[in-house]
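Colleague: output the structure for:
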Amino acid sequence: MSDSLALDVDRISKEALRTMAAGPATSGSGLDTERVVSVLNDVVATEVVAWLRYTRHAITARRIDRPEVSERFDLRAEQAMRHAEDTAGRIAALGGHANFDPEMLAQRAHTDYSVADDPAIRAMVEQNLQASGIVVDAYREIARWLGDRDPDSRRLVESVLADERDNARALTELLRLV
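Modeller: Residues are numbered from 1 along each chain as shown. Here you go, the predicted structure:
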């Protein structure tokens, strides 16, 4: 895998921390919805990028006749899109607008879309496992940051986080089999 992922993740992490470091998710008058919407839009971008990556990997796995791996990637792609849609719904409930601008998705996502040069199943699983680990850490921090100031958004992020943890476990098991 390329080192560019680590560099992109560093940049994205610093930007997310900068957004959240401006203070708690509330002001004296209540929830700072603009900052929460910005952070949730990063989650939308991360999940859309995951959908793209998993979809690409599922197609590649089908091409090399690995239906059990393709099926796992397809399921994860569907789950990622549901997460993006649910998060976009929360953004709308906060009075914001979900940002699905293709030019912005890669910039806002916590993970990189880049796919392994090696089309081997093991490389694809490793790449997705690495991305899943990054997402687990990022979403854990977002849930902590939201705290009790926005319990609905926190519960949504915690739900996605639980799915990501399950996905990481499944990818770890899949890695043992390939």
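
Colleague: could you pick out the longest helix of the protein?
Modeller: helix 33-63 (DSSP state H).

Colleague: buried ones in that one?
Modeller: Neighbour-count burial for helix 33-63, counted by 16 or more other Cβ atoms under 10 Å, picks out 33, 35-55, 57-58, 60-61. Bear in mind the C-beta positions are built from the backbone N, C-alpha and C, glycine included.

Colleague: check stretch 77-84 too.
Modeller: 77, 79-81, 83-84.

Colleague: in which helix or strand would I find Arg149?
Modeller: Counting by DSSP states H and E, no helix or strand carries Arg149.

Colleague: what number of residues lie near it?
Modeller: 15 (other Cβ atoms under 10 Å).

Colleague: returning to what we had before: which strands and helices sit next to the longest helix of the chain?
Modeller: On a contact count with 3 or more Cβ pairs under 8 Å, 6 or more residues apart in numbering; DSSP states H and E, helix 33-63 meets helix 4-21, helix 67-93, helix 102-108, helix 121-146, helix 151-177.

Colleague: these: which one's closest to Ser114?
Modeller: The closest of the helices and strands packed on helix 33-63 to Ser114 is helix 4-21. By Cβ to Cβ, the value is 6.5 Å.

Colleague: which residue is nearest the centroid of the chain?
Modeller: In the chain, the centroid-proximal residue (Cα atoms, centre = their mean) is Thr46; its distance is 3.5 Å.

Colleague: so what pLDDT did it get?
Modeller: pLDDT for Thr46: 97.

Colleague: Provide the backbone phi and psi angles at the residue lying closest to Thr33 once chain neighbours are set aside.
Modeller: Leaving aside its sequence neighbours, Thr33 sits nearest to Leu94 (Cβ to Cβ, 6 or more residues apart in numbering; 4.8 Å). Dihedral pair for Leu94: phi -80, psi 0, per degrees, to the nearest 10.

Colleague: list the contacts of Leu94.
Modeller: 31, 33, 36-37, 40, 153 (Cβ atoms under 8 Å, 6 or more residues apart in numbering).

Colleague: quick one on the thing from earlier: wait, the residue nearest to the centre of the chain touches His110, no?
Modeller: Yes: applying Cβ atoms under 8 Å as the test, Thr46 and His110 come out as touching, 4.4 Å apart.

Colleague: thank you, goodbye.
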